[in-house]
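In: quick one, fold the following:
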Amino acid sequence: MKKPSLFPVIIATGFGSGFSPFAPGTAGALVASLIWILLYSEISYNCLLLTVLLLIFIFTLVGVWSIDQLEPFWGEDPSKVVVDEMVGVWIALLAVPDDEQWYLYLIGAFILFRLLDIFKPLGIRRMERLKGGVGVMMDDILAGVYSLIVLMLIRWAIG
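Out: Numbering: from 1, shown residues only. As a prediction, this is how the structure comes out:
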């Protein structure tokens, strides 16, 4: 029996975090958050925003491709595929400001994204009807967008 190629496995599993025996989606979102924190500590805020937008774009495209490569081996939307959680949390993290409260927004983005991803309200579940890698990615992208909107509204309300 043929095995899947290593590259799509690395991408789809969020650099292996999807193999976590406990809450693989949360592990994938945590890896993406740690990557964000590393970038935040090393590059300017404007460069961070551009880098995260680039990561979202690249990982969405490569994620869809990777998932499509792996579905014949692993079935539809297996729990070890977490690239979708990575992209979704990166979208939510676009709301994190560059100030002394950044870590509170990071925690809020992480929790809000995971809650929306788990409970799938407001049409998020409907995205799963899309076929293949697009369907796997789109529900998390929408959860990330909703999280971004909520966090930006909170930032606006706080001033």
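
In: list the buried residues in the host helix or strand of Pro8.
Out: With the criterion set as DSSP states H and E, the secondary-structure element containing Pro8 is helix 6-12. Of the residues in helix 6-12, those buried by neighbour count under the rule 16 or more other CB atoms under 10 Å are Pro8, Val9, Ile11, Ala12. C-beta here means a position set from N, CA and C on the backbone, and glycine is covered the same way.

In: by contact count, what packs against it?
Out: In terms of contact count using 3 or more CB pairs under 8 Å, 6 or more residues apart in numbering; DSSP states H and E, helix 6-12 is assigned the packing partners helix 45-74.

In: any weak-confidence spans in the chain?
Out: Under the criterion pLDDT under 70, the flagged ranges of the chain are 1.

In: hmm, back to that, ok now the helix holding Pro8, how far from the chain's centre?
Out: Averaged C-alpha coordinates place helix 6-12 at 15 Å from its chain's average position (CA atoms, centre = their mean, to the nearest Å).

In: same question for stretch 53-70.
Out: Distance of stretch 53-70 from the chain centroid (CA atoms, centre = their mean) equals 11 Å.

In: now do that stretch: everything it contacts.
Out: Residues lying outside stretch 53-70 but in contact with it, judged by CB atoms under 8 Å, 6 or more residues apart in numbering, are 4-5, 7-9, 11-12, 35, 78, 81, 83-84, 86-87, 90-91, 94, 132-134, 136-137, 141.
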